[in-house]
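[1] build me a model from this:
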Amino acid sequence: MRKNITIAIATIFQNGGDATRALEIAKIIREYKPENCDLRIVFLTRGSLYEEKVIHSGFELYRATPQLEGIRYQDDFETKFGELIGNEALAYDILQGEIKAYKEIDPDLIIYGFWPIGSIARRLAIPNVKSIAFLPLPLTEVFLTESLTFPDELSLSRLPVKFQRWIMNCIPHSLKKKNPALKHSLIRKAAERSGWSGSPLINVFEMLKSDLFLINDLPIFYQTERYDSNVIFTGPVYAQEKQEEIKDNEILKILDNTNTRKKFFCTLGTSGNKQELLEIVKMFNSPWGMKCSGIILSPPSICPLEESRGLLNNENIYVTDKFVPAKAISKRVDLVICHGGQGTLQTAITSAIPLIGVATQPEQKINLEHLEAFGSAIRIPMRKWNCKTLEKKIQKVLKHYPRYKQNAEILCRQYNETNAKKIIGEQIWKEIEVTRK
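    Modelled structure (predicted):
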């Protein structure tokens, strides 16, 4: 007897990392599908540059309300520190749209990323349907027992890292749960206005509650024995590039072996901002930077190409707003300069290349701190991200390059030894079978 399975996938679909991870997970689900199953996967969207990728991959789109511009989620959601959605009325409208979507799609399973709205709407609309969260970090209360530092937005983050960790370890668990970076109070108010009667939504851990957590990171960075059995560390999940071949002649010229200059690949993804990108351009205009070569991505959502190119005075640097095969490029440069988004970091790591990064979100800071502690990266705090600091840190990596490169290669091997696809495919279908019984 054939089974009909419908899965709804909801995340911050404007965000490149979340969107591409969600799409990869959908492909894994399809690949591991039993033969006696008819599978329907529906992605919720409120506007996104990634909608066509979903359609071309053979999945459905549900256009949830309200529809937004869909370029930068920070602009769409009016994001601010401690508030993913920075407008109470907007948070309510989005939650209502999510509830309506779930009722109409009528899924057998809901999968969501870092999307508190998804978990809350599921519990309000279809509480008997199981859920799976895929996350860059193990965002349950146990996570607060990890060796953490303060978010860059807080003045305490200026203290030495060891002192920050000592202070954090001295803070009672009950107070850690009230960390302002975790509150998302406007989403809580939207939930209460929508009839929430469950346990108090005091922080993002309560908001993201799920039956199963798939953590898309290596277990070596965490005290895994402390987590519940429903928290599974899968290893990296990121977009597998079909276009491995580099076709842009300008990029090929920079990467050619006859070019003896140090080579850099600079990408801030969709979570960076214009000023951060322009500081990279300025660094390459300095006397030292003029001796370097590299590729800079300048996506329209971050900075117009004419502005970034207009500031550049270095003919050995190529700026583009086009899609490029990031992994193929990363393998052929000396250093990657990037944000702390998981997909971007994992592309660099699986290319065995050291990196320098800036965190534009709290979880990105943690991602970068893990790599820095491992010895394959340097994190620059957002307040210090400028051309002079960037140049100084790059020179530090190059001075000790054999050590950074060796650590990057060790980490790369650990990533490659983890079969994330198998773990995810088997865990999700196991959850579906439990749901169907």
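
[2] count of neighbours near Ile167?
    Number of residues near Ile167 (other Cβ atoms under 10 Å) recorded here: 13. Every C-beta, even on glycine, is put in place using the N, C-alpha and C of the backbone.

[3] got the contact list for the helix or strand harbouring it?
    Taking DSSP states H and E as the criterion, Ile167 maps to helix 161-170. Counting by Cβ atoms under 8 Å, 6 or more residues apart in numbering, helix 161-170 makes contact with Ser147, Leu148, Thr149, Phe150, Leu156, Ser157, Leu159, Lys176, Glu369, all of which sit outside it.

[4] let's see it at 7 Å
    For helix 161-170, the external contacting residues (Cβ atoms under 7 Å, 6 or more residues apart in numbering) are Ser147, Leu148, Thr149, Phe150, Leu156, Ser157.

[5] could you do stretch 418-432 as well?
    5, 25, 28-29, 31-32, 108-109, 130, 132, 211-212, 214, 218, 232, 234-237.

[6] would you write out the ChimeraX command that picks the buried residues out of those residues?
    Those of those that count as buried under 16 or more other Cβ atoms under 10 Å are selected in ChimeraX with:
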select :5,25,28,29,32,108,109,130,132,212,214,218,232,234,235,236,237
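
[7] surely Tyr112 and Ile120 touch.
    No. Contact criterion Cβ atoms under 7 Å: Tyr112 and Ile120 do not qualify, at 10.1 Å.

[8] show me what counts as buried in stretch 3-16.
    So, applying 16+ other Cβ under 10 Å, buried residues of stretch 3-16: Ile5, Thr6, Ile7, Ala8, Ile9, Ala10, Thr11, Ile12, Phe13, Gln14, Asn15, Gly16.

[9] wait, stretch 81-93
    Gly82, Glu83, Leu84, Ile85, Gly86, Asn87, Glu88, Leu90, Ala91, Tyr92.

[10] with just CA atoms, put that stretch into PDB.
    These are the backbone C-alpha positions of stretch 81-93, laid out as PDB (Å, rounded to 0.1, in the frame of the first residue of the first chain):
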ATOM      1  CA  PHE A  81      19.400  43.100  18.700                       C
ATOM      2  CA  GLY A  82      17.400  40.400  20.600                       C
ATOM      3  CA  GLU A  83      14.500  40.700  18.100                       C
ATOM      4  CA  LEU A  84      14.400  38.700  14.900                       C
ATOM      5  CA  ILE A  85      11.200  40.500  14.000                       C
ATOM      6  CA  GLY A  86      11.500  44.100  15.300                       C
ATOM      7  CA  ASN A  87       7.900  45.200  14.800                       C
ATOM      8  CA  GLU A  88       5.100  43.700  16.900                       C
ATOM      9  CA  ALA A  89       2.400  44.100  14.300                       C
ATOM     10  CA  LEU A  90       4.500  42.500  11.700                       C
ATOM     11  CA  ALA A  91       5.400  39.600  14.000                       C
ATOM     12  CA  TYR A  92       1.700  39.000  14.500                       C
ATOM     13  CA  ASP A  93       0.900  39.200  10.800                       C
END
